[in-house]
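Chemist: What shape does this take:
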Amino acid sequence: MEFINPIANNYIAQYSNATPAYLKGMYDVTIATHPHAHLQSNWHQGGVLSFISKLVRPTNILEIGTFTGFSALCLAEGLTEQGALHTIELREEDGNRAKSYFDNSPHANKIHMHIGDAKYIIPTLNKKWDLVFIDADKTGYIEYYDLALPMLNANGLIIVDNVLFHGDVLEETITGKSAKAIQAFNEHVSNDVNTEHTILTVRDGLTLIRKK
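Modeler: So this is what the prediction gives:
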């Protein structure tokens, strides 16, 4: 679901070129064939992720929620020569599909696919993260944030997707499990005195978070 006006999204996409062009095929296939295609970052958002990654120049990236791999491949664009991206997907079918795209990408030797529950996998990775992207089950956001933040490098960045949740969090009465979870997460981050954070109105809302 697009929260930002689709006409604006189309205009932005027309005048932006940061999304890796070679990903258009896999992006379109996911939209055309996946029953939950709305879970994929849209084309412009992929460009935003790629652009930020190139600015950060991360050595270690953590992605929580792979889906079919589009966002991971966008994030991988900014990796240093010795860099690595670890991405976690709960659903085995989506994880395997993503891995097939990774294996045929320019970043094949830099992306590590993990299939399973992120809450158990993250503590085993034992990495200091330069860039973290959270885009998984909304009820797990607070726990993912609390797991990732202590392992974030001093100049690292956390990006969190869907923080506007289709506009549901703007309603006077918030209903629905996921919308309530996103509101709770937004309040959790807002109350964290150890971080600086801002929300971008890109697609369904992206929060950028850094340590003070």
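
Chemist: what's the single longest strand in this structure?
Modeler: strand 152-161 (DSSP state E).

Chemist: need the next SSE after it, C-terminal direction.
Modeler: Downstream of strand 152-161, the next assigned helix or strand under DSSP states H and E is helix 177-190.

Chemist: next one: that following helix to chain centre, how far?
Modeler: Relative to the chain's own centre, helix 177-190 is displaced by 16 Å; criterion: Cα atoms, centre = their mean, to the nearest Å.

Chemist: That one vs strand 152-161, what angle?
Modeler: 150 degrees (axes from the mean of the first three to the mean of the last three Cα atoms, to 10 degrees).

Chemist: what does the helix or strand following helix 177-190 contact?
Modeler: Along the chain past helix 177-190, the next helix or strand (assigned with DSSP H and E) turns out to be strand 195-200. Contact with strand 195-200 is made by 48, 149, 163-164, 189-190, 205-212, as judged by Cβ atoms under 8 Å, 6 or more residues apart in numbering. Where C-beta positions appear, they are placed from N, C-alpha and C, glycine not excepted.

Chemist: Parallel or antiparallel, list what pairs with strand 195-200.
Modeler: Strand pairing for strand 195-200, determined by DSSP bridges: strand 206-211 (antiparallel).

Chemist: If you count neighbours, what's buried in the partner strand?
Modeler: 206-207, 209, 211 (16 or more other Cβ atoms under 10 Å).

Chemist: Can you pull up the most central residue in this protein?
Modeler: Central residue of the chain (Cα atoms, centre = their mean): F133, 3.8 Å from the mean position.

Chemist: Please tell me how far that one sits from L49.
Modeler: 7 Å (Cβ to Cβ, to the nearest Å).

Chemist: Could you name every residue contacting both of these two?
Modeler: 71, 75, 159.

Chemist: Report the beta-bridge partners for the last one.
Modeler: Beta bridges link I159 to F133, L208 when assigned by DSSP bridges.

Chemist: So for it, what's the pLDDT?
Modeler: I159 carries a pLDDT score of 98 in this model.

Chemist: wait, it sits on V202?
Modeler: No. The criterion here is Cβ atoms under 8 Å, and I159 misses it with V202 at 9.9 Å.

Chemist: Next, format the buried residues of strand 206-211 as TSV and append distance to N153 and pLDDT.
Modeler: Output for the buried residues of strand 206-211, formatted as TSV (distance: Cβ to Cβ, whole Å; pLDDT from 0 to 100):
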residue	distance to N153	pLDDT
L206	20	97
T207	18	98
I209	13	98
K211	8	97
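
Chemist: Dump the least confident helix or strand in the chain by mean pLDDT to PDB, restricted to CA.
Modeler: Taking mean pLDDT, DSSP states H and E as the measure, the chain has helix 6-14 as its least confident helix or strand, at a mean of 84. Extracted C-alpha coordinates of helix 6-14, given in PDB (Å, rounded to 0.1, in the frame of the first residue of the first chain):
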ATOM      1  CA  PRO A   6       1.100   7.700  -6.100                       C
ATOM      2  CA  ILE A   7       1.400  10.600  -8.500                       C
ATOM      3  CA  ALA A   8       4.100  12.100  -6.300                       C
ATOM      4  CA  ASN A   9       5.900   8.700  -6.200                       C
ATOM      5  CA  ASN A  10       5.800   8.400 -10.000                       C
ATOM      6  CA  TYR A  11       7.100  11.900 -10.400                       C
ATOM      7  CA  ILE A  12       9.900  11.300  -7.900                       C
ATOM      8  CA  ALA A  13      10.900   8.100  -9.600                       C
ATOM      9  CA  GLN A  14      11.000   9.900 -12.900                       C
END
